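K.L.:
no sequence on this one, just coordinates:
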């Protein structure tokens, strides 16, 4: 199963909308999900991971990895660099 | 050397102000620094880590660990939970 298939990209929707997407992925039986965000959406990505873990899938999933990085984007005034985050959630063994 | 001593708490100042604090810590010879933030400052914390690493101390430091979590705070309308991030930067060996 590719990591890419279960990637959830955080944008302008509400935090709870993304939480629901993550919950649905695990409820379908998947064992892994990566929450991805850039720039100001990074705070929301951490909220999605924490709220999903704490409120919805507690005891069932855990954060297996958090990676930060940078990406170059084409902006209105030439290329600009934005920060990125990838938060990987996995199903706990036997859950 | 305690981790706490070199903690940089991200708040409302400009990103570059915090980058300068991190650069100063490593230039004083310290081998580790932890960038900490809560709530909406989390995006800025990732920017500080990435910009310091990419622009100022490239080749000299690396991200050794990223932890996310939650904290309960007293809000105006009772306790509220906020997300947190701790980004630990370390000096590369021999640098």
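P.N.:
Good, I have the coordinates. Keep in mind the model is a prediction, meaning the values are calculated, not measured.
K.L.:
Around chain B, pick out the residues from chain A.
P.N.:
A:39-43, A:46-47, A:49-50, A:54, A:63, A:66-70, A:81, A:83-85, A:87 (C-beta under 8 Å from any C-beta of the partner chain). For every residue, glycine as well, the C-beta is placed using N, CA and C.
K.L.:
Now which of those residues would you call buried?
P.N.:
With burial judged by 16 or more other C-beta atoms under 10 Å in any protein chain shown, the buried subset of the residues of chain A next to chain B is A:39-43, A:46-47, A:49-50, A:63, A:66, A:68-70, A:83-85, A:87.
K.L.:
picking that back up, which members of the residues of chain A next to chain B are positioned in strands?
P.N.:
A:63, A:66-70, A:81, A:83-85, A:87 (DSSP state E).
K.L.:
min pLDDT across those, which one?
P.N.:
pLDDT across those is at its lowest for residue A:81, which sits at 92.
K.L.:
That residue touches residue A:75, doesn't it?
P.N.:
No: counting by C-beta atoms under 8 Å, residue A:81 stays clear of residue A:75, with 9.5 Å between them.
K.L.:
in chain A, which spans are helices?
P.N.:
Along chain A, counting by DSSP state H, helices occupy A:15-27, A:41-51.
K.L.:
Out of these, which one sits most buried?
P.N.:
Most buried of the helices of chain A by mean neighbour count (mean count of other C-beta atoms under 10 Å in any protein chain shown) is helix A:41-51; its value is a mean of 25.
K.L.:
Now do the contacts for the residue nearest to residue A:90 when sequence neighbours are not counted.
P.N.:
In this structure, residue A:90 finds its nearest non-sequential neighbour in residue A:64, 4.3 Å apart by C-beta to C-beta, 6 or more residues apart in numbering or on different chains. Applying C-beta atoms under 8 Å, 6 or more residues apart in numbering or on different chains, we find residue A:64 in contact with A:32, A:88-90.
K.L.:
In those residues, which residue is surrounded by the most others?
P.N.:
residue A:89 (26 neighbours; other C-beta atoms under 10 Å in any protein chain shown).
K.L.:
so it touches residue A:66, yeah?
P.N.:
No: taking C-beta under 8 Å as the definition, residue A:89 is not a contact partner of residue A:66, at 10.2 Å.
K.L.:
Now do the residue lying closest to residue A:35 once chain neighbours are set aside against residue B:27, distance only.
P.N.:
Of all residues not flanking residue A:35 in the chain, residue A:87 sits nearest, at 4.4 Å (C-beta to C-beta, 6+ apart). In this view, residue A:87 and residue B:27 are 31 Å apart by C-beta to C-beta, to the nearest Å.
K.L.:
Then residue A:33?
P.N.:
40 Å.
K.L.:
same question, residue A:89
P.N.:
37 Å.
K.L.:
Poorly predicted segments of chain A, please.
P.N.:
A:1-4 (pLDDT under 70).
K.L.:
quick one: furthest residue from the center of it?
P.N.:
Most distant from the centre of chain A: residue A:77, at 28.9 Å, with distances by C-alpha atoms, centre = their mean.
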